[in-house]
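Asker: need coordinates for the following:
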Amino acid sequence: MQTNENKVALVSGANTGVGFQIAKALTENGYKVYAGSRNLQKGEAAVEKLGEKAQAIQLDITDPESIRKAVQTIENEHGYLTLLVNNAAVSHAGASGRTMEEVLGSQRASIASIDELKTVWDTNVFGTLALTQAFLPLLKQAPSARIVTVSSALGSLTINANPENPYRTNFDAVYGASKTALNGIFLSLAIDLENTNIKVHLVSPGFTATALNNFQGTDSVEEGSKEPIRVALAEDLPTGSFTGPADFSGEDHILPW
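Answerer: Reported below is the predicted structural model:
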């Protein structure tokens with residue numbers, strides 16, 4: 001039986017925000033953690049704070065060569081992966097410095113830039129799946145493995161279809177719908193892998209103040225990371241779960257698709 005001391009995790013986008021908090025919690029619970037960062041220097045700076053159980057690894061999930069090298073590194077050093085945390089994401093591909101309201105306003109389906117939509121989906125949807133597919137062989141080598149993908153309640157069709165939801169106007173075609181697509185693909189993956197040693201989970205951190213929303217979220221990054229950390233550390237959740245913070249989703253944490 002594996003102990004935490006020989007469990008190996010990879011967290012994408014681990015140099016800041018929710019990804020950093022997840023990596024921190026994993027190291028504190030004995031995991032060997034590869035902290036993925038597009039900019040290796042930023043990853044190394046994060047690892048200095050994370051301690052000796054963490055190791056920076058250059059990882060751009062939109063770059064197949066970067067993914068290949070990450071797989072090769074972990075395969076050579078361990079031969080398996082216990083936990084993959086898909087955290088890396090972008091909210092827009094337009095000008096920086098805009099408020100969250102300005103970004104969302106420009107991403108309405110009637111006027112959204114198709115080029116921007118493709119760029120955001122390339123990271124949030126296609127890059128996330130590409131990374132996951134590349135690591136499946138190493139995940140299959142672990143006695144039991146899990147894939148935890150950071151999504152968003154903003155991607156829930158059920159929630160956004162409810163006229164009483166006061167935030168439904170924030171469901172945009174670029175970022176919000178990318179999380180809907182992500183949910184669909186990873187539910188498909190959970191079904192695909194349900195007879196294997198790999199569990200698949202989707203988790204929403206809630207409205208957390210990060211660079212994704214120009215730090216306008218109502219929850220601190222520590223508060224918003226609690227549910228992703230809970231899911232990342234849990235080993236008894238049913239595969240195919242989609243959960244969120246209890247104050248949003250109820251005591252069972254389950255979110256509707």
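Asker: rest of the way, CA atoms for contacts and neighbours
Answerer: Noted.
Asker: low-confidence ranges in the stretch 101-250 of the chain?
Answerer: Judged by pLDDT under 70, the stretch 101-250 of the chain has its weakly predicted residues at 207-219, 248-250.
Asker: could I get the full set of strands for it?
Answerer: Per DSSP state E, counting those that start in this stretch, the stretch 101-250 of the chain carries strands over the ranges 145-150, 198-203, 241-243.
Asker: of all these, which one is nearest Ser113?
Answerer: Among the strands of the stretch 101-250 of the chain, the nearest to Ser113 by C-alpha to C-alpha is strand 145-150 (24.6 Å).
Asker: quick one: the closest one to strand 198-203, angle?
Answerer: Angle, strand 145-150 to strand 198-203, by axes from the mean of the first three to the mean of the last three C-alpha atoms, to 10 degrees: 20 degrees.
Asker: show me what strand 145-150 packs onto, helices and strands only.
Answerer: Strand 145-150 is packed against strand 83-86, helix 128-140, strand 198-203, helix 226-233, with contacts defined by 3 or more C-alpha pairs under 8 Å, 6 or more residues apart in numbering; DSSP states H and E.
Asker: partner strands of that strand, parallel or antiparallel?
Answerer: Using DSSP bridges, strand 145-150 pairs in its sheet with strand 83-86 (parallel), strand 198-203 (parallel).
Asker: follow-up on the earlier one: how about a markdown table for the helices and strands packed on strand 145-150, with mean neighbour count and distance to Lys32 added?
Answerer: Formatted as a markdown table, the helices and strands packed on strand 145-150 follow (neighbours: other C-alpha atoms under 10 Å; distance: least, C-alpha to C-alpha, whole Å):
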| stretch | mean neighbour count | distance to Lys32 |
| --- | --- | --- |
| strand 83-86 | 26 | 10 |
| helix 128-140 | 19 | 15 |
| strand 198-203 | 25 | 19 |
| helix 226-233 | 21 | 13 |
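Asker: and the helix or strand encompassing Ala35, what does it pack onto?
Answerer: Following DSSP states H and E, the helix or strand that holds Ala35 is strand 32-37. If you count contacts as 3+ C-alpha pairs under 8 Å, 6+ apart, strand 32-37 packs onto strand 8-11, helix 17-28, helix 40-50, strand 54-58.
Asker: go with 6 Å
Answerer: Helices and strands touching strand 32-37, as assessed by 3 or more C-alpha pairs under 6 Å, 6 or more residues apart in numbering; DSSP states H and E, comprise strand 8-11, strand 54-58.
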